[in-house]
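*Asks:* sequence plus the predicted model coming up.
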Amino acid sequence: MEVRALCIRMLLTVLVLLLSAQVQHSDCHKADASFPRIVPSRLQFFEYEFVFINCDELSFFNETEWRVMRKFDDRKTICNVKWEKTGSCNITSTFAGDSGEYWCQAKGKTSSIVNIVVTAGPVILESPALPVLKGDDVTLRCRNRNKTTSNLKADFYKDGVLIGSSSTGNVTIRNVSQSDEGHYKCHISGTGESAESWLAVRVRPVILESPRLPVVEGNNITLHCRGRNTFNVTVHFYKDGILIRNSTARNMTIHSISKSHEGLYKCNISGTGESAESWLAVTVSPTLHEEGQSSQHHSSKLIIVWTTATCSMALLLLLVGSCGKHRDMDESVTTTAYYTLSTDCFSAPRVSSCNALSICQYHRTFK
């Protein structure tokens, strides 16, 4: 029975993890739900490459019929003539003539436009097809049609201004902001230059409010998940990428926090999006820390005092022993030398004084 209960618990855990992964997967494509999905996720292609465009993940397209539209040479045409939800725009071998604007349309509803570039030239810039979220890191890659090595020196430009060079052909923009939005291109010396592509930046729809300063151990803290139009929704909280709690109240309280709670936290609002990760730092209580330091300092002082006392006592015993030995020698010699009988006191050598008893006192020191 115990084995069966353990198996059931393990099965339930696996199911929960799979459901969590499914939620994450479905929300990943909704970073900006008003754009068509492009595979591979970039805006520039060499000729004879394939590109796949569809609209089945747009949040406002609940219609059963939709189609991919495109515009080039000022002409609007249907990319796929089928009015089916499974229909998509599949270009198995691209040509320069396939360059243009693409968007989704369904019964009067129109998505945002993406501008795809197909070139016969030797260089393209790989940049995200969809808008990137503020605070994320974005990598731009410069590709040479005839060279796949990683040792590829390339220059990168934003709005016509050089922003950096790379020996690997890649450049990463850390923590992107609205100021990073613009037209980007790259240039490979002796090979050529890519076309320009627009990099769009969107404000993240979900924000996790968490303490910026380290939290003292033993305190309670509350994490708040904020999003636009988030009423009657379920919020998922994660620590180090693992789901730790679901909440309909959009907040999570950690009681009596400890070092084990330290880590990267984020939240996900179903149907809206996901926040950036925030580091939660936990520190030891200053009082306990000071007490520990004081105790350690007091112990150190005791050790020093004990060591000093022991050494002093040992030294004292050595000195006393040494003095006692010398004293015995001096007393013995002095007794012999101090009271020396002489028949003629003044004829005795090194005599300093004599008394009436003709006892001579020597001042010579015997060691």
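*Replies:* Okay, I see it.
*Asks:* what about this structure, any weak spots by pLDDT?
*Replies:* Within the chain, the stretches with pLDDT under 70 are 1-33, 57-65, 80-87, 149-150, 228-231, 286-312, 314-367.
*Asks:* break it down into its domains, please.
*Replies:* Structural domains of the chain, as assigned by automatic domain parsing, span the residue ranges 32-120, 125-203, 206-283, 304-360.
*Asks:* could those be laid out in TSV, adding mean neighbour count?
*Replies:* All C-beta spots, glycine's among them, are computed from the backbone N, C-alpha and C. Conversion of the domains of the chain to TSV gives the following (neighbours: other C-beta atoms under 10 Å):
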stretch	mean neighbour count
domain 32-120	16
domain 125-203	16
domain 206-283	16
domain 304-360	11
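*Asks:* hmm, who's touching stretch 119-131?
*Replies:* Counting by C-beta atoms under 8 Å, 6 or more residues apart in numbering, stretch 119-131 makes contact with 31-32, 35, 38, 41-47, 96, 99, 114, 117, 138, 140-146, 184-188, 191-197, 199-202, all of which sit outside it.
*Asks:* ok, now with 7 Å
*Replies:* Outside stretch 119-131, the residues within contact range by C-beta atoms under 7 Å, 6 or more residues apart in numbering are 31-32, 35, 38, 41-47, 96, 114, 138, 140-146, 184-186, 188, 191-195, 197, 199-202.
*Asks:* hang on, Gly263 packs against Asp240?
*Replies:* Yes - at 4.7 Å, Gly263 counts as touching Asp240 under the criterion of C-beta atoms under 7 Å.
*Asks:* now do the contacts for Ser179.
*Replies:* Applying C-beta under 7 Å, 6+ apart, we find Ser179 in contact with no residue.
*Asks:* which of the three states applies to it?
*Replies:* Applying DSSP: H, G, I helix; E, B strand; the rest coil to Ser179 yields a three-state assignment of helix.
*Asks:* check Arg141 too.
*Replies:* Applying three-state DSSP: Arg141 is strand.
*Asks:* ranges for the helices of the stretch 1-150 of the chain?
*Replies:* Using DSSP state H, counting those that start in this stretch, the helices of the stretch 1-150 of the chain run over 2-28.
*Asks:* actually the stretch 151-300 of the chain, sorry about that
*Replies:* Ranges of helices within the stretch 151-300 of the chain are 286-338, based on DSSP H, counting those that start in this stretch.
*Asks:* any idea what Glu209 is bridged to?
*Replies:* His224 (DSSP bridges).
*Asks:* and it, how far from Arg226?
*Replies:* 6 Å (C-beta to C-beta, to the nearest Å).
*Asks:* ditto for Gly97
*Replies:* The span separating Gly97 from Arg226 equals 46 Å under the rule C-beta to C-beta.
*Asks:* all the strands of the stretch 1-150 of the chain, residue numbers only.
*Replies:* 37-39, 44-46, 51-54, 67-72, 75-78, 89-91, 100-106, 109-110, 114-119, 123-126, 132-133, 138-144 (DSSP state E, counting those that start in this stretch).
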